[in-house]
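K.L.:
3D, please:
(5 chains, ligands or ions: 4)
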Amino acid sequence: TDLEVTHWWTSGGEAAAVAELAKAFDATGNHWVDGAIAGSGGTARPIMISRITGGDPMGATQFNHGRQAEELVQAGLMRDLTDVATKGKWTDVVRPKSLLDGCTIDGKIYCVPVNIHSWQWLWLSNEAFAKAGVPLPKDWNEFVAAAPALEKAGIIPLAVGGQAWQSSGAFDVLLAAVGGTDTFLKVYKDKDAKFAAGPEVAKVFKAADDARKMAKNTNVQDWNQATNLVITGKAGGQIMGDWAQGEFQVAGKTAGKDYTCLPGLGLNEVIATGGDAFYFPLLKDADKSKAQEVLAETLLDPKTQVAFNLKKGSLPVRGDVDLNAANDCMKKGLAILAKGAVIPWTDQLLSQDTQKQKEDLFAEFFAKPELTVEDAQKRFADLIASAD
Amino acid sequence: MADITAQASTAAGARQGITDPYGPKPRRVISRRNVFLYGTLFVMAVYYLLPLYVMVVTSLKGMPEIRLGNIFSPPLEITFEPWVKAWSTACTGLNCDGLSRGFWNSVRITVPSVLLSIAIASVNGYALANWRFKGADTFFIILIVGAFIPYQVMIYPIVIILREIGLYGSLSGLVIVHSIFGMPILTLLFRNYFSSMPEELFRAARVDGAGFWGIFLRIMLPMSLPIFVVAIILQVTGIWNDFLFGVVYTRPDTYPMTVQLNNIVNSVQGVKEYNVNMAATILTGLVPLIVYFISGKLFVRGIAAGAVKG
Amino acid sequence: MTAANDTSVSIQDLSLNFGAVTVLETLNLDVADGEFIVLLGPSGCGKSTLLNCIAGLLDVSEGRIFIKGKNVTWEEPKDRGIGMVFQSYALYPQMTVEKNLSFGLRVAGTPKEEIAKRIARAAEILQIEPLLQRKPAALSGGQRQRVAIGRALVRDVDVFLFDEPLSNLDAKLRAELRVEIKLLHRKLQNTMIYVTHDQIEAMTLADRIAVMKGGVIQQLDAPQTIYNRPVNRFVAGFLGSPAMNFVDGYLEDADGGWRFAAGDIKIPLGTYDFAKPPAPGPVTFGIRPEHVSLNSGTGWPFSIAANVEVVEPMGSDTLVWLKLAQQNFSVRVTSERTPKNDEAVTLGFDPMRASLFDTATGTRI
Amino acid sequence: MTAANDTSVSIQDLSLNFGAVTVLETLNLDVADGEFIVLLGPSGCGKSTLLNCIAGLLDVSEGRIFIKGKNVTWEEPKDRGIGMVFQSYALYPQMTVEKNLSFGLRVAGTPKEEIAKRIARAAEILQIEPLLQRKPAALSGGQRQRVAIGRALVRDVDVFLFDEPLSNLDAKLRAELRVEIKLLHRKLQNTMIYVTHDQIEAMTLADRIAVMKGGVIQQLDAPQTIYNRPVNRFVAGFLGSPAMNFVDGYLEDADGGWRFAAGDIKIPLGTYDFAKPPAPGPVTFGIRPEHVSLNSGTGWPFSIAANVEVVEPMGSDTLVWLKLAQQNFSVRVTSERTPKNDEAVTLGFDPMRASLFDTATGTRI
Amino acid sequence: MSKSERPNLLFRNLNAKVASIPMILTAMVVFVGGTVWTVLYSFTNSKLLPRLNFVGLDQYYRLWATPRWLISIENLLIYGAISLVFSLVIGFLLAALLDQKIRFEDTLRTIFLYPFALSFIVTGLVWQWLLNPDFGIQHVVRDLGWTSFSFDPLYNSSIVIYGISIAALWQGTGLIMCLMLAGLRGIDEDIWKAARVDGIPMWKTYLFIVIPMMRPVFITTLVIIAAGIVKVYDLVVAQTSGGPGIASEVPAKYVYDYMFFAQNLGQGFAASTMMLLSVVIVIVPWAYLEFGRRK
Ligand SMILES: Nc1ncnc2c1ncn2[C@@H]1O[C@H](COP(=O)(O)OP(=O)(O)OP(=O)(O)O)[C@@H](O)[C@H]1O
Ligand SMILES: Nc1ncnc2c1ncn2[C@@H]1O[C@H](COP(=O)(O)OP(=O)(O)OP(=O)(O)O)[C@@H](O)[C@H]1O
Ligand SMILES: [Mg+2]
Ligand SMILES: [Mg+2]
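P.N.:
Ligands and ions are numbered 1, 2, ... in the order given. Reported below is the predicted structural model:
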């Protein structure tokens, strides 16, 4: 049975990863009809939502699990996967458990998490530091200290693409790394506005100020172009999620030799359990509904998980798979995961509305030096106050 | 104001001497006026042509040359690979068939949309110009104001409307959407055009016994070539170039070319492949461009007939 | 209330307004069978509007219209038995003459042979046989006009409506086609209603002229009656070229009977045929330039001396302008007797040929 | 080669072509100071083109133009000392009448008081003082035309050029403004060159008329000469309304002298004033409708019987149509003597008033 | 005789009414219906899906307290002013130049008009590239040896909106030129002659006589430009995505982002209502004057 699957994975590493899913699904005798929408979630999501609400749903669709699809579920447009989940004992195999929480609404499971993406990475170009003649930094603070040397060598210390979610994400990473897990949770989970206006967060803003100064010469838009700056040694480093690893791989770079990764920016080694999940709109066609079940099972199949996540550069959602093929960085991630040093990610904690406002704020903050740290923090606190 | 009519007068001038003007006034080809006139036009022409030039040149270069060279320099080594790639092998997600699929989808979307929207708008314009009934103007004004509404505002209500009539996601749905959004300007054009036709012609046809449709089909239509050309050009351009409706109201297997273009351009794999992007860009714009190059003259004439008369 | 049976077109209490503007107001008009009626009036007086109402191209606001005794007020134009010829010809530019002529018949589904027969007849009457395969763009103005008439002709209608059919043509052609229309009417004996603002056309063509002003018919009469006994000053001034001379003054009851006085000039009105019992008061005296003679002896009931101001030779005649009681006054003379500028001349005329109007209301006295 | 000093405008060997089309060909024209010249001719004969050449709005192809003795062939329009009035008035629609009049002067930097003075004068002459603050859209046709003339007037020029200034107006207004222009010319004594295709205008206004056809001046003469002794058939037919009657036939050398023969009709030409020595051959005989009399006794050098076909009463006169040698023939009579349709009548005329043309070349014999 | 009675007016002209149904439906259902619906839901706190939870003017308070919205409005005003002024000026200038009976008129007209055939996406891409400091004009000029040359409008917050306007003008002036040219050709030839006889210099003739006479053309043009200005979206997305930061955001993009990206329909609807309101305030009186009370 043909099943149309929409997603916004179109960059090199992503596309390769999707191919794995498609291969696995096609192997079950069904057919994966690829509905890639380029751009980002921002471009793709309205199309997906329009189609679901417009009565022309696809067979399955990618969302970031969390609150993006909450209302669609509430409106009864999405398929309840509890049966499949019970059959596949998802509650047992999915790790960490909190991942499934994001898919659970009123006790029913509505989505299949396929990977764990963590944002908390600093990717460094070994070549760039060599060229600048400074040793590879071990954490964010050393990195900031090395910035002048990099700049002198004509290298952009930190690559931050123009898209708003990159600046906003970078700040969130700094919040968790520089501020620490508690700070992060207090701000985003408890939405403590007073705290957000306080000195703890001010420290983070100071770090963000460093970041924007280091990034000011980045003239690219897309995240992977920024990554490419690091890959080619034009930039010293980039704060980006583990999906960036896919790009290094496609470029044929080896972790540890050509590039270095610092989870939690080397300050606070935690991993956020964000990630992608597949949702299944409620379909009338019985064959397709059946195929949806098959796809859901396939997605969580250990083999698929490995193949997909290796290409994608993300971590698998089940702990019982064999990841010997994983590279240096991935192993670091797995180790942290094993330690249980996980935090929930903003997709789960904040509504898209708040996320967007946050993006607007940090996009402005990173692009506009005149926006002072104090003003930005004040606006951030206001935002947290009204967040939901 | 002929430019170069000096030859005749030089002969005459020689015969008569300067003191006795005879024949046409001698004009120098390089007068201040001509220098200003052609100079300005030339500079403007360069401004307008530059992007096209850059697009074409870039699309014929290989990536290394682009990275090193100058965007304005002609390609050292002409390669058509970017064109081939843009047309047939560039990937979006798992689909690696470039723009080729989108091209046919665009044709399948554009042709019926253009036909339907022009059919509706021409009949509307005709009814407004010749068969005015009470309230018609009010609807027309609403329509004109509607032309100013940002499309984004209408996406959601239209999703609902299409869902209710069960056309969401189908090609017919998209065709209807294009017809709706083409209606204000086209109706205005047709209304103005038909109003500028002699009223007596219409009356003569009524006396002859032709009805609403008879007059429209047999009298008005054969006289409306210029405005139809304008309408066709505007609609072909508008619909072919549409991205928003194409992406929102269709499904991947019917994505038009612009959506494919966006996918190709935004599916960055490592470095941006500017040459492929440019080739894809040109390919996407080719159909409306050809339409313009062929019928530009009629366009101006039609505009004069339909748009300028208030 | 139905129309009298011998009328071809009968218009009863017709009113028409565009929004707040009333263009026609309770207008009545009866046209006899076979009659040639001309609607004459200045631009904007509602002539075309009236014609369009008769044709059914405008919806009337009040009143009704009968054609051949049938109430057609709400009929479609094609069902009224009318044919119409327009000022701009209104030929369908993309059709040949033949197609133009047959369009109405084809729409009505008339059989082919019948169409061919009618076209042949119309073409013969109008002598446009050689033009049948041409398009309108390839015709001269006069030919176009003939085709336009032909289009009405083939429809075999009871009533022909003409809306200034000659006003786009040059003077020469106009004169020729005028005669042709006259002959056509004589041949066909149809009822014809003809709109024009050219008085020569009106005078030469009409059985009766309806002079309109501001949507109201001022006078409806035979051309000569209208010319010689206009009911009011407007009609008097509108007809005749060069226009009638008007002199403002007073009507006085002198010893010898009524007389007209303006400044020094006193004109005894012994021979004048009063339309109603006269009373003293301000009146306007009007006389046509051709009813005044110049230097032609003293045999006139009234004569006076004056100085020539401007002489306008018009070829066949000459118009002589002078002042009478400080008011412009023109006299038409044959070219042979043309005076010079500033020459002193004697005018003579018969007050019987004059018209007197109440200065205030403008009506004939 | 310079122009004679007493000429106001002198055109020498003027040719003009648009691409391959020659519109004017080696045209010569001398206009005396203060003269009123009318260029008359059918549409497309090059009247406007000639006027535009004089104004400097078109570059001539050959030849030269003198105004007031100065060679202005290469001058800008504004430096030629001309003022021009256009058919469409060409008023600047968004400016008041006053601004319209003064715009040219203001651009030229004329002092304020001077401008005011000139406008006051022009406004007085044309009686447009009350209109000065209005915009053209709020003026009637006649008023607009007067403003257009005013615009030429304020420029204080030697030569006025008029391009069909009255043809957009209705007949009545046309007649009025015609007299006004005539008076204006008398008052100003400027040279005026006036284009029209209306022969009444030409006849009444001109000191001399230049009848043009196909870019060539056919005849340049005083109106009466042109009317009475047209040099060719074109000129004869173009002037006069109703037009001259033409009968095709032969010139024969009969016993009693020359005579004209068409079918049964033989017209002895005893009194005719030949323009050149006659020779037998096909000729066209022309006589104006007003030079033929109807039923007026036998005192005429020539008379013949005929049957009335159509009678066209035109108010002041009546036009009677009949056939002579199977050709249409019209006679103008006064309204009193109107015959009836089909009545048998006798025509009489004096061949001295007739014109004879060579049928082949059309030139007067 | 039933015909003597005035027939039911509803059925007179029936064909025309039937034929106008698409227009009436579009006007009433899509434009009016859609607008009313949008306005209604702007008073709710709808998130991903429209829901009738009324929250009064909350969305509007928030809207006008959002820096990004204020920047968007400011950008729209700047962009609008630039487009309006420069489109009209350049369009008119080009038309006036082409109207001088020049050679190659057809070729030049085609050159000026062809960008109009390209979509905003394409236009945006090309100009993004031309204005890219690392590849485009800046890079080329620097290569020529003028190393301090700086021209990177798309990467400079304070002038980015001008950079976007460059592309917009490139794309749009051709059509304006066409309209103007048509208008110029409609001016009575005699007006030109009258002005020449009066000795009025060319530029003054244009400025004081011809331009005022072209009022209807300018109005049509204004409508077309204004409609484009309000809707500007694709161009910004293709060139800068609103960046750097939020320096080139525009209202239409705000609407889109908040409706779909932020999944806050209420906010998006409130923003679109504000846009509609301004359109209505400007356009409706004009439309009534222009189309309402004629004939
Ligand atoms: N559709 C209309 N709406 C409003 N007023 C109109 C309309 N048609 C005509 N009128 C007005 O009605 C009046 C009469 O117009 P009509 O066309 O009948 O005049 P007319 O006598 O035919 O003039 P003309 O000799 O110029 O043709 C005019 O004042 C005109 O302005
Ligand atoms: N710009 C031009 N290019 C080519 N031919 C032209 C041009 N202007 C005029 N002509 C031709 O020159 C001839 C004379 O034109 P002109 O306007 O002088 O005629 P006219 O006597 O003024 O006619 P009308 O009485 O209609 O105004 C016409 O045949 C016309 O077609
Ligand atoms: Mg009329
Ligand atoms: Mg002319």
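K.L.:
quick one: A:A24 is in a helix?
P.N.:
Yes: the assignment for A:A24 by DSSP: H, G, I helix; E, B strand; the rest coil puts it in a helix.
K.L.:
so who does A:G54 touch?
P.N.:
By CB atoms under 8 Å, 6 or more residues apart in numbering or on different chains, A:G54 lies in contact with B:V159, B:I160, B:L162, B:R163, B:Y168, B:G169, B:Y249. (C-beta placed from N, C-alpha, C; glycine too.)
K.L.:
one more time with 6 Å
P.N.:
B:V159, B:R163, B:Y168 (CB atoms under 6 Å, 6 or more residues apart in numbering or on different chains).
K.L.:
per-residue pLDDT, the last one?
P.N.:
Among the per-residue scores, B:Y168 shows a pLDDT of 80.
K.L.:
okay, now it: neighbour count?
P.N.:
Using other CB atoms under 10 Å in any protein chain shown, B:Y168 has 25 neighbouring residues.
K.L.:
any idea how far chain E is from it?
P.N.:
Per CB to the nearest CB, to the nearest Å, B:Y168 is found 15 Å from chain E.
K.L.:
center of chain E - which residue?
P.N.:
Against the mean C-alpha coordinate of chain E, by CA atoms, centre = their mean, the closest residue is E:G228 at 1.7 Å.
K.L.:
so who does it touch?
P.N.:
By CB under 6 Å, 6+ apart, E:G228 lies in contact with nothing.
K.L.:
can you give me the buried ones in the strand or helix carrying it?
P.N.:
Per DSSP states H and E: E:G228 is located in helix E:215-231. Of all the residues in helix E:215-231, those buried under the rule 16 or more other CB atoms under 10 Å in any protein chain shown are E:216-218, E:220-221, E:223-231.
K.L.:
mind putting those into CSV with distance to C:A120 and pLDDT?
P.N.:
Shown next, in CSV, are the buried residues of helix E:215-231 (distance: CB to CB, whole Å; pLDDT from 0 to 100):
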residue, distance to C:A120, pLDDT
E:P216, 48, 78
E:V217, 50, 82
E:F218, 54, 85
E:T220, 49, 76
E:T221, 54, 84
E:V223, 53, 78
E:I224, 53, 80
E:I225, 58, 86
E:A226, 59, 84
E:A227, 56, 80
E:G228, 58, 83
E:I229, 63, 87
E:V230, 62, 84
E:K231, 61, 82
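K.L.:
ok, so of those, who is nearest chain B?
P.N.:
Proximity of the buried residues of helix E:215-231 to chain B (CB to the nearest CB) peaks at E:P216, which lies at 4.0 Å.
K.L.:
and the gap between the closest one and chain A?
P.N.:
As judged by CB to the nearest CB, E:P216 and chain A stand 40 Å apart.
K.L.:
quick one, domains of chain C?
P.N.:
What the record gives for chain C is the domain set C:7-237, C:238-358, from automatic domain parsing.
K.L.:
and the first one, anywhere near ligand 2?
P.N.:
What it means is domain C:7-237. No: Domain C:7-237 lies apart from ligand 2 when judged by CB under 6 Å from any ligand atom; the minimum separation is 9.6 Å.
K.L.:
just how off-centre is that domain within its chain?
P.N.:
13 Å (CA atoms, centre = their mean, to the nearest Å).
K.L.:
near chain B at all, that domain?
P.N.:
Yes: Domain C:7-237 is in contact with chain B by CB under 6 Å from any CB of the partner chain, via C:57, C:77-78, C:84, C:86, C:88, C:90, C:92, C:94, C:103-104, C:107-108.
K.L.:
just the buried members of those?
P.N.:
With burial judged by 16+ other CB under 10 Å, the buried subset of the residues of domain C:7-237 next to chain B is C:L57, C:P77, C:K78, C:M84, C:F86, C:S88, C:A90, C:Y92, C:Q94, C:F103, C:G104, C:V107.
K.L.:
how about the contacts made by the first one?
P.N.:
By that I understand C:L57. B:R203, C:P77.
K.L.:
in a markdown table, list the domains of chain C along with distance to B:P112.
P.N.:
Shown next, in a markdown table, are the domains of chain C (distance: least, CB to CB, whole Å):
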| stretch | distance to B:P112 |
| --- | --- |
| domain C:7-237 | 27 |
| domain C:238-358 | 60 |
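K.L.:
pick the most deeply packed of those domains.
P.N.:
domain C:7-237 (a mean of 20; mean count of other CB atoms under 10 Å in any protein chain shown).
K.L.:
low pLDDT regions in the stretch 151-300 of chain B?
P.N.:
The stretch 151-300 of chain B contains residues with pLDDT under 70 at B:267-272.
K.L.:
can you pull the residues of it lying near chain E?
P.N.:
Contact residues (CB under 6 Å from any CB) of the stretch 151-300 of chain B with chain E: B:152-154, B:157, B:180, B:183, B:212, B:237, B:241, B:243, B:281, B:285, B:288-289, B:292, B:296, B:300.
K.L.:
which ones among the buried ones among the residues of domain C:7-237 next to chain B are found in helices?
P.N.:
C:F103, C:G104, C:V107 (DSSP state H).
K.L.:
would you mind listing what in the stretch 151-300 of chain A touches chain B?
P.N.:
Going by CB under 6 Å from any CB, the residues of the stretch 151-300 of chain A near chain B are A:D222, A:N224, A:N228.
K.L.:
out of those residues, which end up buried?
P.N.:
Buried among these (16+ other CB under 10 Å): A:D222, A:N224, A:N228.
K.L.:
would JSON lines of those with pLDDT and secondary structure be doable?
P.N.:
Below are these laid out as JSON lines (pLDDT from 0 to 100; DSSP: H, G, I helix; E, B strand; the rest coil):
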{"residue": "A:D222", "pLDDT": "78", "secondary structure": "coil"}
{"residue": "A:N224", "pLDDT": "78", "secondary structure": "helix"}
{"residue": "A:N228", "pLDDT": "85", "secondary structure": "helix"}
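K.L.:
and of those, the nearest to ligand 1?
P.N.:
Using CB to the nearest ligand atom, A:D222 is the member of those that lies nearest ligand 1, at 61.0 Å.
K.L.:
list phi and psi for residue 236.
P.N.:
Defaulting to chain A. When read as degrees, to the nearest 10, the backbone of A:G236 gives phi -80, psi -40.
K.L.:
please refer instead to chain E.
P.N.:
The phi and psi values for E:V236, taken as degrees, to the nearest 10, are phi -70, psi -40.
K.L.:
count the residues that sit near it.
P.N.:
As a burial measure, E:V236 scores 26 neighbours (other CB under 10 Å).
K.L.:
in contact with it, which residues?
P.N.:
By CB under 6 Å, 6+ apart, the contact set of E:V236 is E:S248, E:V250, E:K253.
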